[in-house]
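Chemist: Got a predicted model here, sequence first, then my questions.
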Amino acid sequence: MQIHRWQRRLALPQPVALTIGNFDGVHRGHQAILQTLLAEAAREDLAPVLLSFFPHPKALVSGESPSLLTPLRDRAHWLAAAGLPHWLLLSFTRALMQKAPADFIRDYLLPLRLRFLLVGDDFRFGYRGQGDFALLQRFADECGFRVQSLATVSADGARISSSRIRAALAAHDLDGARALLGHDLTFTGKVRHGDGRGRALHTPTANLHLPASWCLPDGVYVVQVAPPQPGALHWGVANVGTTPTFGGIRRKLEVHVFEQNAALYGQTLRVHIRHYLRDVRRFADAAALQAQIRDDIARAHAFINQELPHGRL
């Protein structure tokens, strides 16, 4: 998948089939939109494109980064997995926030050689969300492109949404979140130098720095790790949060990978969150923490052996 910064003359070989949204999580509702977009683009020989705003509009409106399921790297991974070939990022500025809906269409959509536009049935755009499907339809009739809305995708009688998935994660319902996402929750990052405590506790870890905006609650989790080179996922346990026993303040994802002897420092890993074990808490000393880590690993192996189709880990 190619990632583009918006420019007035985007160098694509074909006219565009477009959808618009931030697609945080690339959940099953987003996947339904992408499947329809790809099918329409193939039928009319168009370039399928997702237009997203960066940073997230809520960051400018509220002054705080919103809680996100997928930072950009992970969103790119799942968009590519869904088959999207082009992701177009548009800088969200105060000027853009105040742009009238008709001007947004003229200034940002029509220059893309737009031929087909697909939106969700609740799509709003432009200053204070004043733009709606009726306005898109009027421009479509005048400017020669088609516009279509897609019905909301539901599960268990309720709309699938990023906020619903965040609520499931807050309740430690990993299975429920995965069912709504249609894939694992992941975090991708580069392994950084740690303080060496994991090795001293006989559980060496790969340390990934976390943005404050990542939505997963602090805790200890069973994970699978995608290695730098394509291959099988490796099981492990991970601590998400700080290290309160040692007075840590930086939020990190510290992964102890089972049966992995290769040096991981400097490598980019994708960590799949599979199962919640416990909250992060402060222990009286290193010995108490080490005993808890042994228990965490034993419980992780019990979960993994239930998941494996044949035999034991």
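Modeler: Done, it's in.
Chemist: Domain map for the protein?
Modeler: The chain resolves into domains spanning 2-159, 185-307 when parsed by the TED database.
Chemist: measure the first one end to end?
Modeler: The stretch domain 2-159 measures 30 Å between its terminal residues, going by CA to CA, to the nearest Å.
Chemist: Mind naming the longest helix for this structure?
Modeler: Looking only at the chain and at elements set by DSSP state H, the helix with the highest residue count is helix 286-307.
Chemist: what comes up buried for that one?
Modeler: Taking 16 or more other CB atoms under 10 Å as the neighbour-count basis, helix 286-307 is seen to contain the buried residues 289, 293, 296-297, 299-301, 303-304. The way it works is simple: take the backbone N, C-alpha and C, and place the C-beta from them, glycine included.
Chemist: for stretch 107-116, same thing?
Modeler: By neighbour count on 16+ other CB under 10 Å, the buried set for stretch 107-116 is 108-109, 112-116.
Chemist: pLDDT (mean, whole number) over that stretch?
Modeler: Averaged across stretch 107-116, pLDDT comes to 94.
Chemist: chain center to it, what's the gap?
Modeler: Centre-to-centre, stretch 107-116 and its host chain are 26 Å apart (CA atoms, centre = their mean, to the nearest Å).
Chemist: Pull that stretch out as PDB, backbone CA atoms only.
Modeler: The C-alpha atoms that make up stretch 107-116 are tabulated as PDB, following Å, rounded to 0.1, in the frame of the first residue of the first chain:
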ATOM      1  CA  ASP A 107     -10.800  22.200  -2.900                       C
ATOM      2  CA  TYR A 108     -10.000  18.700  -1.900                       C
ATOM      3  CA  LEU A 109     -12.300  16.100  -3.600                       C
ATOM      4  CA  LEU A 110     -12.800  17.300  -7.100                       C
ATOM      5  CA  PRO A 111      -9.000  17.800  -7.800                       C
ATOM      6  CA  LEU A 112      -8.600  14.100  -7.200                       C
ATOM      7  CA  ARG A 113     -10.400  13.300 -10.500                       C
ATOM      8  CA  LEU A 114     -13.200  11.900  -8.400                       C
ATOM      9  CA  ARG A 115     -15.600   9.400 -10.100                       C
ATOM     10  CA  PHE A 116     -17.100   7.500  -7.200                       C
END
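Chemist: Tell me how far the residue lying closest to V16 once chain neighbours are set aside lies from S149.
Modeler: The spatial neighbour of V16 that comes closest, neighbours along the chain excluded (CB to CB, 6 or more residues apart in numbering), is L112 at 4.6 Å. Remark: distance between L112 and S149 (CB to CB, to the nearest Å) = 19 Å.
Chemist: now swap in F53 and tell me
Modeler: Distance from F53 to S149, by CB to CB: 20 Å.
Chemist: The two: which has the busier surroundings?
Modeler: Set side by side, F53 and S149 show unequal neighbour counts under other CB atoms under 10 Å, the larger going to F53 at 20 against 15.
Chemist: Wait, a strand at the more buried one?
Modeler: Yes - counting by DSSP: H, G, I helix; E, B strand; the rest coil, F53 falls inside a strand.
Chemist: okay but it is in contact with L90, surely?
Modeler: Yes - with contact taken as CB atoms under 8 Å, F53 and L90 are classed as touching, separated by 5.5 Å.
Chemist: list residues touching both of those two?
Modeler: Residues touching both F53 and L90 (CB atoms under 8 Å, 6 or more residues apart in numbering): L96.
Chemist: picking up where we left off before, return the member of the buried residues of stretch 107-116 nearest to R270.
Modeler: Comparing the buried residues of stretch 107-116 against R270 with CB to CB picks out L112 as the nearest, at 30.8 Å.
Chemist: Please report the distance of that closest one from A47.
Modeler: Using CB to CB, one gets 9 Å for the distance from L112 to A47.
Chemist: Identify the contacts common to the two.
Modeler: When contacts are counted by CB under 8 Å, 6+ apart, L112 and A47 have 12, 16 as shared neighbours.
Chemist: in what helix or strand does the spatially most central residue of the chain lie?
Modeler: Note on the chain: the residue nearest the mean C-alpha position is T70, at 2.0 Å, using CA atoms, centre = their mean. Element membership of T70 [criterion: DSSP states H and E] is none; it lies in no helix or strand.
Chemist: what's the pLDDT at it?
Modeler: Reported pLDDT for T70: 96.
Chemist: Please enumerate the strands of the protein.
Modeler: 2-5, 16-20, 47-54, 86-91, 114-120, 146-150, 154-155, 158-159, 185-190, 206-209, 219-226, 234-241, 252-257, 268-278 (DSSP state E).
Chemist: hmm, back to that, closest to L253 out of the buried residues of stretch 107-116?
Modeler: Minimum distance to L253 across the buried residues of stretch 107-116 is 35.8 Å, recorded for Y108 (CB to CB).
Chemist: now the closest one: how far from F187?
Modeler: Taking CB to CB as the measure, Y108 falls 31 Å from F187.
Chemist: Next: T36.
Modeler: Here T36 is placed at a distance of 29 Å from F187 (CB to CB).
Chemist: Kind regards, and thank you for your time.
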